[in-house]
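Student: show me how the following folds:
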Amino acid sequence: MFEIMKPSLSSIVAGVFLSGAIALKPKALLSDSIQLTQEDIGDFSAIDFGDETTASLDDSSVDGCKVFPGDSDWPSVAEWARLNRTLGGALLRPTPAAAACYQGPDYDLERCTYLFMNASLSHFWIDEPLVSLTEWSQGGTCALALDPQGNCTRGGFPEYVVNATNVKHIQAAVNFARNKRIRLVIKNTGHDFGGRSVGAGSLSIWTHHLKAMEFIPWYKLGPYWGKAAQFGAGVESWEERNLMAAYGITVVAPGWVTVGGIGGWMSSGGHTTITSKFGLGADQVLSLGVVTASGRFVTADPYTNPDLFFALRGGGGGTYGVVTSAILKAHPPVYLTSTSLSLTLLEPRNMTSPIPGVLTDAEKFWQGVSAYYRFAAKILDAGGYCFSYIYPLPNNSYSFVTSSDFTDATAAAVYKFMQPLYDDLHGLGINVTNPVLLFTNLYGLPSLGIGSPPGNTRYRSRLLPRENWEDDELWNKTMKAIRTATEGGYERGYYFHGTMTSPTEEVAGWPGAENSVNPAWRKNRMHAMLMDQTPDQSTERDAMMQGYTDLLREVSPGAGSYMNEGDPGEPNWQQAFYGNHYARLLRIKQQRDPWGLFWAPTTVGSEGWAVQAVGYAGSQNGRLCRVEQVGGGKES
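Tutor: Residues are numbered from 1 along each chain as shown. Presented below is the predicted three-dimensional model:
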């Protein structure tokens, strides 16, 4: 379809190969090789290993709840100190960063001003051990503000953090939390929209500094024979890109540069600009290093611990074990050519003369949006990716902005490919020009990691399937749902975001097509999202948002949602996030974690527990307790 670009490897990597040895079974990363031993444990039974075969869920809590600060069973200062000695000083009890903005012993106006004004221009928030970048899930008890009201309290922030730099640190933390019946959470970079990396009264395993990377020139596993790359769990997308640039390879990595590629992004699927060509992040995994709920370190691949290998590649993070490293497929270099389109709807009184792309007729504006979205299916079938927003503007106006990315296509080929869309838009009376000046860049250019400040983004989302594009009547219903939901946000402070990609089983390849990725992804055309950014979450607001999201559910019965950018309040979340994989995943969860140690909202098995939230539902600022089944008895 396109004139394929054939880049010279020498022009990309200038002949740089840092190792060159053929590795069929690469050696373990140094961080994976440092493990907890019986000598380390000695007489400190609090960090001894567990045994899944003799465990009971009754061993996991006291009076139905995880042990909480202030309880008689909460570890003593001496026990925490001994854990810290075992960890070599890696145990932290940090103060929330935003405490600098609140009157009290931690108040520091200069530091507060820096956090509010300049920290997002650095790597500060990604390197912060407590913060989840979504404040509402923590309870908003120490929100970042220049002139905050009230006091800064810990809320849903963990009590202690293990700054893990090797497997031993993770094993000791897992064993301590399990044996002491403490809530355990796992955090990498803090890009978490559902409250999975915070929790009141918890011990947090912070995997952010597991930064080792290795290029593997040749890797053999089953039918796979080719290049690969190994990454520690804390490696961020920008760091993956630097490895790509050094070796002239492509690794499927998160689109936002500070998102961790081996954490929750991968374990729940992981989409990016090249997933229509190579598949999701979860489809790239060849092998994983994992610490299980018993504290044991294991390898998971298609032939060793295949149950964990299945579950951890798409079945959600934070519930089966702690991933420490991954070996991923490495593809040839890929170039991306991008083209954009924007339409603006203004009231006639706000426009004095015709401007290309600016409309005064709402029906014509939505016809233009519909024309782009339906045409975009062809972009996906060509291995491309589409990214769009519909924003409300003042005075009953809207802005529709898009970016379309094509893999290994020249600018001239992209222009020719897009022209039929512009012909259709002209036929609708929309004056907009097909851009001629397009830019082509290598996917995986060297990058720097610049962080994001905390905010309050909350997603409600739906994976809209390809059949909605193939039937005119269903398509019209789909666009009516998108329009109604978007217009509902005009005075309610939310907006529409649509990303479009097609990670079919065919592009996923082996072993990706055999993982636990939500089956809805395999038929996906659009990940349709309503993005809410108010800190004022409430039962009433949630009901309103669910009502608009129901419009998208009604035109896609049996489809699903993407957990990483989904709603922790998603109704029937077991089906929505996991599809028909849920029953199998639950069996794996129960076998691998009979203690119920690993817990996070809407992860597999999480329905057996609930947070006694202080304030609105969904916050992680309360005790984690078992819930009763209907008719009595505990969830298992």
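
Student: CA only for contacts and neighbour counts going forward, please
Tutor: Fine.

Student: all strands for the stretch 501-636 of the chain, in order.
Tutor: For the stretch 501-636 of the chain, the strands defined by DSSP state E, counting those that start in this stretch occupy 524-532, 609-611, 624-626.

Student: just those strands: most buried one?
Tutor: Most buried of the strands of the stretch 501-636 of the chain by mean neighbour count (mean count of other Cα atoms under 10 Å) is strand 524-532; its value is a mean of 25.

Student: still on that earlier bit, so which of the strands of the stretch 501-636 of the chain gets nearest residue 500?
Tutor: strand 524-532 (4.4 Å; Cα to Cα).

Student: quick one: that closest one to chain centroid distance?
Tutor: Relative to its parent chain, strand 524-532 has a centroid offset of 14 Å by Cα atoms, centre = their mean, to the nearest Å.

Student: can you list contacts of that strand?
Tutor: 377, 380, 456-466, 485-486, 493-503, 549, 561-562 (Cα atoms under 8 Å, 6 or more residues apart in numbering).

Student: could you flag which of the residues you listed are buried?
Tutor: Buried by 16 or more other Cα atoms under 10 Å: 377, 380, 456-466, 485-486, 494-503, 549, 561-562, out of those.

Student: so where is this structure shaky, pLDDT-wise?
Tutor: Across the chain, the ranges flagged by pLDDT under 70 are 1-25, 350-353, 629-636.

Student: got the domain boundaries for it?
Tutor: According to automatic domain parsing, the chain comprises the domains 20-28+211-329, 38-182+191-206, 335-580.

Student: distance to residue 619 added to these, as TSV?
Tutor: TSV is the format used below for these (distance: least, Cα to Cα, whole Å):
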stretch	distance to residue 619
domain 20-28+211-329	17
domain 38-182+191-206	5
domain 335-580	9
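
Student: just name the most buried of these.
Tutor: Of these, the one with the most neighbours on average (mean count of other Cα under 10 Å) is domain 20-28+211-329, at a mean of 23.

Student: distance from stretch 519-533 to the middle of the chain?
Tutor: From the chain centre to the centre of stretch 519-533 is a distance of 13 Å (Cα atoms, centre = their mean).

Student: was I right to think residue 268 contacts residue 564?
Tutor: Yes - if you go by Cα atoms under 8 Å, residue 268 and residue 564 touch, sitting 6.4 Å apart.

Student: dump the strands of the stretch 501-636 of the chain to CSV, plus distance to residue 410.
Tutor: Listed next are the strands of the stretch 501-636 of the chain as CSV, based on distance: least, Cα to Cα, whole Å:
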stretch, distance to residue 410
strand 524-532, 24
strand 609-611, 52
strand 624-626, 54
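
Student: quick one: which of those strands is nearest residue 427?
Tutor: Proximity to residue 427 (Cα to Cα) singles out strand 524-532 among the strands of the stretch 501-636 of the chain, at 24.8 Å.

Student: list the strands paired with that closest one, with their directions.
Tutor: For strand 524-532, the paired strands and their directions (DSSP bridges) are strand 458-465 (antiparallel), strand 494-500 (antiparallel).

Student: want to throw those into JSON lines with distance to residue 414?
Tutor: Rendered in JSON lines, the data for the strands paired with strand 524-532 read as follows (distance: least, Cα to Cα, whole Å):
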{"stretch": "strand 458-465", "distance to residue 414": "25"}
{"stretch": "strand 494-500", "distance to residue 414": "17"}
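
Student: residue 419 is nearest to which of those?
Tutor: Residue 419 lies closest to strand 494-500 among the strands paired with strand 524-532, at 19.4 Å (Cα to Cα).

Student: how far away from the center of its chain is that closest one?
Tutor: Centroid separation between strand 494-500 and its chain, computed with Cα atoms, centre = their mean, is 16 Å.
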